[in-house]
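[1] predicted coordinates and the sequence they were generated for:
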Amino acid sequence: MGTTQLESVPEPKYWHLKTVLSEALDSEFSVGEILPNERDLAARFGVARATLRQALEQLELEGRLQRRRGVGTTVAPPRVGVAVGTEQHAWPGTATDAWQLADSALELPPAAVAVALETGPEDTVHIVRRSRMTHGQPVAAELLYVPQSSVPDLSAIDAPSGTARARAVLRELQRLELEGQDSAVELGSARADDAKQLDRLPGAPVLVVTTRFFAGGRTAALSVATYRADTCRLTFGDSGGVEIHQHPERQAS
């Protein structure tokens, strides 16, 4: 990787450095290769380590780099192209749903979720945990919040938790007539539990898709799905579903 002095560059130094590093990733590094440490990179490019970190963080956000526990900063593979989410007007857990069930339990939801579901501050809800794998790597983790009023017959189910309970929650939810759904996407930072599931560092950039499912004139369930920002690019298709597309401008080395 050649030396480039950035003192006379009019644009922000970290932004120009990001461009230089991106070109080097394309020409000099292979997918999975570990980058030199921050001290060596900062010295090579004649910038402060804080400037270098800004450039690396931007490249991570764009999916060019990954920061892995116990390994360091590596060149990321191309973003994978997989279909995620459900088609318009379909409950989670349908036959074409590719999410993998983990477990389900009755717990208090976050305050913002309770407001959206119109449940009381002391009301527990069913929280179904699911995950999504693509090409052997985790790409998303989901928490599906279902009020007890949406699945009133579930109390007779013997399984207290686990995948059997999760399947029972989804089965009972699908008995309702789905009136519609909407989704919103925002950029966020991985919480400790999400980071562990996604094999990321806490604080890593993620894409958070919140989906509300409507039945009986109210929000019958709410999904909060967290996607790895380094592997996923989300768009909304004509059907209203969410898809992950492979990055069009990158090729694996």
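    That came through, no problem. Numbering: from 1, shown residues only.
[2] now do the contacts for the closest residue to P202 other than its chain neighbours.
    On the basis of Cβ to Cβ, 6 or more residues apart in numbering, the spatially nearest residue to P202 that is not a chain neighbour turns out to be A195, at 4.5 Å. C-beta coordinates here come from the backbone N, C-alpha and C atoms, glycine included. For A195, the set of contacting residues under the criterion of Cβ atoms under 8 Å, 6 or more residues apart in numbering consists of 201-204.
[3] tell me where the stretch 51-200 of the chain is predicted with low confidence.
    Across the stretch 51-200 of the chain, residues meeting the criterion (pLDDT under 70) sit at 79-88, 155-160.
[4] show me the helices in it, by range?
    Along the stretch 51-200 of the chain, the stretches classed as helices by DSSP state H, counting those that start in this stretch are 111-117, 162-173, 192-198.
[5] tell me the most buried of those?
    Mean neighbour count (mean count of other Cβ atoms under 10 Å) peaks for helix 162-173 among these, with a mean of 19.
[6] show me the strands in the chain, by range?
    Assigned by DSSP state E, the chain shows strands spanning 65-68, 72-75, 100-107, 125-134, 137-147, 180-189, 205-215, 218-228, 234-236, 242-244.
[7] show me which residues of the second one are buried.
    Right, strand 72-75. Going by neighbour count (16 or more other Cβ atoms under 10 Å), the buried part of strand 72-75 is 73-75.
[8] ok, now the third one?
    Judged by neighbour count (16+ other Cβ under 10 Å), strand 100-107 contains these buried residues: 101, 104.
[9] sheet-wise, list the partners of that strand with their directions.
    The strands that strand 100-107 pairs with in its sheet are strand 125-134 (antiparallel) (by DSSP bridges).
[10] how much space separates the nearest residue to V71 once chain neighbours are set aside from L41?
    With sequence-adjacent residues excluded and distances taken as Cβ to Cβ, 6+ apart, V71 is closest to I34, at 6.6 Å. With distances defined as Cβ to Cβ, to the nearest Å, the gap from I34 to L41 amounts to 12 Å.
[11] quick one, which of the two is more surrounded?
    For I34 and L41, the more surrounded residue by other Cβ atoms under 10 Å is L41, and the numbers stand at 20 against 12.
[12] ok, back up a step: closest to S150 among the buried residues of strand 72-75?
    T74 (42.8 Å; Cβ to Cβ).
[13] which ones are touching the residue lying closest to L41 once chain neighbours are set aside?
    In space, and not counting its chain neighbours, L41 is closest to L52: 5.6 Å by Cβ to Cβ, 6+ apart. Going by Cβ under 8 Å, 6+ apart, L52 touches 14, 17, 38, 41-42, 45.
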